[in-house]
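Participant: coords below, sequence missing:
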RNA sequence: UGGGGAAUCGUCUAACGGCAGGACAACGGACUCUGACUCCGUCAAUCAAGGUUCAAAUCCUUGUUCCCCAGCCA
């Protein structure tokens, strides 16, 4: 790292190494990348990896990155997705150099196809889909040439023009590249270039009855935009020979280098647009931005920050190896960010009433609480204290083990930013459930310590009953209970029934009555929470819990 | 039985012929008005077998395992 470089250095990877070499050798003087989503669904965490790679690399090397919509299949695409994709990319903190659409190139793509036909490198085929499959051969046997393969250039030109003119029904003809039906690479067995599809396109309307295929479109789009490094996922590795073939036949301004990397796979979730779509359509989740979804919009609503997602992408690296990232890595990234920026507050999720027997009736005291113990510059706030409080039900235990540092009969704890209290009595209902605790407080302990200097191991959070704000809290957990749901026969069967637990009677400190919309709060000792923007009732979504050493001890003892 | 890829701590990821390093997780401990944070420490890996070399994760040979490809989807 150079001394005057105050940017935090990102780890190098095989792609950044290639770029560095290309720059060093003057193959390129600047780099241009692109993020090319198809607008047929919402972006998810896997796309975030690709976004961070493409935009991140451009940023790191002082280059540019375009946002390009790969909109060549109007039947599956929608403007709703276009808008969500733009929002998500911008939210992640990236700004595209150019906003492009493959459909911007339809006219040029058509001209290049005519060029191909004139060179005898493409032909109009009348085989239907079923026949074409039969002619294609198998993985181990070569395919057979279509009877139309040697149609004259004049006839091909005429037919292709009439395809464009809309003279034929869907599926009647197909423009195919003339390459090699015996190629061991199936993508090279005369792949389709254009199909007839009389569908309305969200941008070009009804201008086109024919639409170009991905393999033909993508490489030319890259070339038109002068992309230097065309980065995509591993499954396109087999397509690279075709990518290069097309660009070798026609005169384009550039010949980008396609480089493939492994797509992100995260344990306990799925990153397949089709499956994600199914979860929404079949109502297993509320929406694309349901906080349990691994979509960018879901993570946003869950309270994840753009910085945490970028940090996550830096941590997971870029390689060609299939891998599964543990959820803990993502959680670590968000905890690390939120620990720095989240103001601390107190909220009781599962309230248990506490009466301070020796505290004056009707008295209220304003306690000073720090918004961030490690960052005094974040200031303080007042939290009202009174005779009747709520504490967390989990913070009381009858017959508590020695290691339990919280409230139990006869034991003393500190109420955060307030007094020491000792539990003297436990009140139960007829069923034997604890419904109230009677405590006494030590008036000398205000401020968290006593003149006699006695130690109190436990500190718990609390909320004054009469000042409490009622709220709903959504506790989120992993969406699936299987580490690789996509790899099972029925991923729906592995949905985690406890992925969402809604608590309706939470009691929060008064400052949370009007929370800031974009602030992620740390509810002390519980986790990080953000106000849910879609609910009318005051609702907080839990982004992630705090690490919980007690949970481990408790579990180990169980 | 075709073609294309990939194999390093539990999980990710460095090392590109020269001390297998880092992160996350786990486990211990210190600190603590959050059982959080922070700090310290521990555990832990080169797919296998041969070969080349003073020296191999790295080069060669032979295997093994895993992933992708037979849409007029991207």
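Facilitator: Sure, I can see it. Given the structure is predicted, the values throughout are model-derived calculations rather than measurements.

Participant: I would like the residues contacting stretch A:191-206, please.
Facilitator: A:39, A:71, A:73-75, A:77-79, A:82, A:101, A:103, A:106, A:113, A:116, A:122, A:160, A:163, A:166, A:168-177, A:179, A:207-213, A:215-216, A:242 (C-beta atoms under 8 Å, 6 or more residues apart in numbering). Any C-beta I mention is one placed from the backbone N, CA and C, and that applies to glycine too.

Participant: ok, and for it, which residues are buried?
Facilitator: By neighbour count on 16 or more other C-beta atoms under 10 Å, the buried set for stretch A:191-206 is A:191, A:192, A:193, A:194, A:195, A:196, A:197, A:201, A:202, A:203, A:204.

Participant: give me the number of residues near the closest residue to RNA strand B within chain A?
Facilitator: Of all residues in chain A, residue A:448 sits closest to RNA strand B, at 1.6 Å by C-beta to the nearest atom of the strand. For residue A:448, the count of nearby residues is 15 (other C-beta atoms under 10 Å).

Participant: helix/strand/coil for the nearest residue to it once chain neighbours are set aside?
Facilitator: The shortest distance from residue A:448 to any residue other than its chain neighbours is 5.9 Å, reached at residue A:414 (C-beta to C-beta, 6 or more residues apart in numbering). For residue A:414, the assignment made with DSSP: H, G, I helix; E, B strand; the rest coil gives strand.

Participant: before we move on, what about the one 3 residues further on?
Facilitator: In terms of secondary structure, residue A:417 is coil; the call rests on three-state DSSP.

Participant: Surely it is in contact with residue A:367?
Facilitator: Yes: taking C-beta atoms under 8 Å as the definition, residue A:417 is a contact partner of residue A:367 at 4.7 Å.

Participant: on that earlier part again, pull the contacting residues for the residue of chain A closest to RNA strand B.
Facilitator: Counting by C-beta under 8 Å, 6+ apart, residue A:448 has contacts A:414, A:417, A:418, A:459.

Participant: and for residue A:417 and residue A:367, which residues touch both?
Facilitator: Joint contacts of residue A:417 and residue A:367 (C-beta under 8 Å, 6+ apart) are residue A:383.

Participant: The residue of chain A closest to RNA strand B falls within a strand, correct?
Facilitator: No: with three-state DSSP as the criterion, residue A:448 is located in coil rather than a strand.

Participant: distance of it from residue A:385?
Facilitator: Residue A:448 is 13 Å from residue A:385, where distance means C-beta to C-beta, to the nearest Å.

Participant: same deal with residue A:472?
Facilitator: 25 Å.

Participant: low-scoring pLDDT stretches of chain A, where are they?
Facilitator: A:1-9 (pLDDT under 70).

Participant: mind giving me the domain split of it?
Facilitator: As given by automatic domain parsing, the domain ranges for chain A are A:106-215, A:262-344+A:472-558, A:347-461.

Participant: In TSV, list those domains along with distance to residue A:32.
Facilitator: Shown next, in TSV, are the domains of chain A (distance: least, C-beta to C-beta, whole Å):
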stretch	distance to residue A:32
domain A:106-215	18
domain A:262-344+A:472-558	18
domain A:347-461	41
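
Participant: For residue A:19, which of those is the nearest?
Facilitator: Set against residue A:19 and scored by C-beta to C-beta, those come closest in domain A:262-344+A:472-558, at 11.5 Å.

Participant: end to end, how far does the closest one reach?
Facilitator: One end of domain A:262-344+A:472-558 to the other measures 41 Å (C-alpha to C-alpha, to the nearest Å).

Participant: For residue A:367, give the beta-bridge partners.
Facilitator: In this entry, residue A:367 is beta-bridged to residue A:383, by DSSP bridges.

Participant: my read: residue A:268 touches residue A:477, true?
Facilitator: No: the pair residue A:268 / residue A:477 is not scored as a contact, 9.3 Å apart, by C-beta under 8 Å.

Participant: can you pull the contacts of the closest residue to residue A:322 other than its chain neighbours?
Facilitator: Spatially, and ignoring its direct neighbours in sequence, residue A:322 is nearest to residue A:262 (5.7 Å; C-beta to C-beta, 6+ apart). Shown in contact with residue A:262 (C-beta under 8 Å, 6+ apart): A:233, A:234, A:319, A:320, A:321, A:322, A:323.

Participant: What distance do you get for the nearest residue to the fourth one once chain neighbours are set aside to residue A:483?
Facilitator: Pointing back at residue A:320 there. Spatial nearest neighbour of residue A:320, excluding adjacent residues (C-beta to C-beta, 6+ apart): residue A:262 at 5.6 Å. Taking C-beta to C-beta as the measure, residue A:262 falls 17 Å from residue A:483.

Participant: Same question for residue A:505.
Facilitator: Residue A:505 is 34 Å from residue A:483, by C-beta to C-beta.

Participant: So those two - more neighbours on which side?
Facilitator: The neighbour comparison of residue A:505 against residue A:483 (other C-beta under 10 Å) goes to residue A:483, with 16 against 13.

Participant: Excluding covalently adjacent residues, which one is nearest to the more buried one?
Facilitator: residue A:267 (4.5 Å).

Participant: residues touching the one you found, list them.
Facilitator: Going by C-beta under 8 Å, 6+ apart, residue A:267 touches A:324, A:325, A:326, A:327, A:483, A:484.

Participant: Give me the phi and psi angles of it.
Facilitator: Residue A:267 adopts backbone torsions of phi -70, psi 150, taken as degrees, to the nearest 10.

Participant: before we move on, the earlier item: so what pairs up with the residue nearest to residue A:448 in the strands?
Facilitator: residue A:420, residue A:459.

Participant: was I right about it contacting residue A:460?
Facilitator: Yes: counting by C-beta under 8 Å, residue A:460 is a contact partner of residue A:414 at 7.4 Å.

Participant: With neighbour numbers in mind, choose between the two.
Facilitator: Neighbours per residue, other C-beta under 10 Å: of residue A:414 and residue A:460, the larger number sits with residue A:460, 22 against 19.

Participant: quick one on the thing from earlier: just the buried members of the contacts of residue A:262?
Facilitator: Of the contacts of residue A:262, not one counts as buried by 16+ other C-beta under 10 Å.
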